[in-house]
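Student: Quick check, what structure comes out for this input:
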Amino acid sequence: MTTDSQPKASRAGRDLPAAIGVGLALGVMLIGVLAYVPRVWFAIVAVALAVATYEVAKRLREGGQQVALIPLLIGGQAIIWSTWPWGPTGALVAFAATALVILVWKLFAQGLSAAPQEFTRDAALSLLVLTWIPLMGVFAVDMVQQGVGDDPDGGRYRVFTFLIVLICSDVGGYTAGVLFGKHPMVPAISPKKSWEGLGGSLLFSTIAAVCCAHWLLHTHWWVGLVLGPVLVIVGTCGDLIESQVKRDLGIKDMGTLLPGHGGLMDRLDSLLPGAFVTWAILTALM
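Tutor: Below is the predicted model:
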């Protein structure tokens, strides 16, 4: 029985007032950073990815999977910061170097005289985390270095577009799901997701993407017709992937850092693959 002292969850399963408050605070901070000091975006993403990596690694370790936490944290930072001077090439080199370090780290985790335990499982999971979080996240920081038209600092508008479209996807999906959601989309993985919610996400995000393409990126409006739906599909898949990982681990959230949201990784699940897709589409079409 819910008492007056307990926060009431919305139909989407969130403490809605807390979720809105945290979301607004994060949004205002990111707008200020991107508008006035876009290079600080590197530091924000680096910290966020380190926290998310720690959350996921901690949960895996609680489940008995001994992922290589130290190489993941150090290598993740190397991947992000290598992008500043060397772009995606620097990130790729740092990723490959970190992957090699992880394999050697797990090989000798028990010392030189002992055979490693569960080497294949733990090394594979460590490489999964490395790919899932810092490698995907690197595209979010590389976007801020790209120009838009004659504006060499216009990369901030690419990041704005990426964030705006995914926020509108969340808003559209939540609104349509609460008002009209009757048909579960993938009940075995995420019971609260509905086909009606997906339709709302597609509508809101496509409109937002077309507007951003025209007014922020000063490119062809039809770029938004490509970007919006693809971001929704990829973002939804990212959310489902994290949901399945949490089901495998028997947990509700990756952490408790953000009231109403869970852990930081619970907010990055759709943003990480979305960053890669946005980078790829805008690089190809602009």
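Student: Need phi/psi at the residue lying farthest from the centre of the chain.
Tutor: Relative to the centre of the chain, and counting by CA atoms, centre = their mean, the farthest-placed residue is Ser113 at 39.8 Å. Backbone torsions of Ser113, given as degrees, to the nearest 10, read phi -100, psi 0.
Student: Residue numbering should commence at 241 henceforth.
Tutor: Yep, numbering from 241; the last one is Ser353 now.
Student: okay, it: pLDDT?
Tutor: Note on Ser353: pLDDT of 72.
Student: likewise Pro392?
Tutor: So Pro392 comes in at 69 (pLDDT).
Student: next one: Val268
Tutor: Looking at Val268, the pLDDT reads 84.
Student: so where does it fall, helix or strand?
Tutor: Assigned by DSSP states H and E, Val268 belongs to helix 256-276.
Student: for Arg396, same thing?
Tutor: Using DSSP H and E, Arg396 sits within helix 395-420.
Student: again with Lys432
Tutor: strand 430-434.
Student: mind checking the SS state of Gly327?
Tutor: helix (DSSP: H, G, I helix; E, B strand; the rest coil).
Student: how near is it to Val384?
Tutor: 12 Å (CB to CB, to the nearest Å). Yep, even glycine has a C-beta here, placed from its N, CA and C like the rest.
Student: likewise Arg301?
Tutor: For Arg301 relative to Val384 (CB to CB), the value is 33 Å.
Student: now Gly502
Tutor: For Gly502 relative to Val384 (CB to CB), the value is 27 Å.
Student: got it, and Ala520?
Tutor: From Ala520 to Val384 the distance is 16 Å (CB to CB).
Student: Between these two, which has more neighbouring residues?
Tutor: Between Ala520 and Val384, Val384 has the larger neighbour count (other CB atoms under 10 Å), namely 24 against 12.
Student: Just the pLDDT at that one, thanks.
Tutor: For Val384, the model assigns a pLDDT of 93.
Student: Might you report the residue contacts of it?
Tutor: Shown in contact with Val384 (CB atoms under 8 Å, 6 or more residues apart in numbering): Leu274, Pro278, Arg279, Trp281, Phe282, Gly395, Arg396, Arg398, Val399.
Student: Please indicate which of the residues you listed are buried?
Tutor: Taking 16 or more other CB atoms under 10 Å as the criterion, what is buried in the contacts of Val384 is Leu274, Pro278, Trp281, Phe282, Gly395, Arg396, Arg398, Val399.
Student: Go through the residues you listed and say which is closest to Cys451.
Tutor: Of all the buried ones among the contacts of Val384, the one sitting nearest Cys451 is Arg398; the distance, using CB to CB, is 14.6 Å.
Student: Can you tell me the closest non-neighbouring residue to that closest one?
Tutor: Closest residue to Arg398 apart from its sequence neighbours, by CB to CB, 6 or more residues apart in numbering: Met383 at 4.4 Å.
Student: Which parts of the stretch 291-440 of the chain are helices?
Tutor: Secondary structure of the stretch 291-440 of the chain (DSSP state H, counting those that start in this stretch): helices located at 309-347, 359-370, 376-383, 395-420, 435-455.
Student: Which elements pack onto the first one?
Tutor: Same thing as helix 309-347. helix 280-302, helix 359-370, helix 376-383 (3 or more CB pairs under 8 Å, 6 or more residues apart in numbering; DSSP states H and E).
Student: Just name the most buried of the ones you listed.
Tutor: helix 376-383 (a mean of 25; mean count of other CB atoms under 10 Å).
Student: Please identify which of the buried ones among the contacts of Val384 is nearest to Ala363.
Tutor: Phe282 (28.9 Å).
Student: what residues are up against that closest one?
Tutor: Counted by CB under 8 Å, 6+ apart, Phe282 has contacts Ile320, Trp321, Thr323, Trp324, Val381, Val384.
Student: where does the protein have low pLDDT?
Tutor: Low-confidence segments of the chain, defined by pLDDT under 70: 241-260, 262-263, 388-390, 392, 500-501.
Student: Break it down into its domains, please.
Tutor: Annotated domains of the chain cover 278-385, 388-526 [automatic domain parsing].
Student: can you list the contacts of Phe282 in JSON lines and add distance to Gly440?
Tutor: Converted to JSON lines, the contacts of Phe282 look like this (distance: CB to CB, whole Å):
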{"residue": "Ile320", "distance to Gly440": "33"}
{"residue": "Trp321", "distance to Gly440": "38"}
{"residue": "Thr323", "distance to Gly440": "34"}
{"residue": "Trp324", "distance to Gly440": "38"}
{"residue": "Val381", "distance to Gly440": "30"}
{"residue": "Val384", "distance to Gly440": "29"}
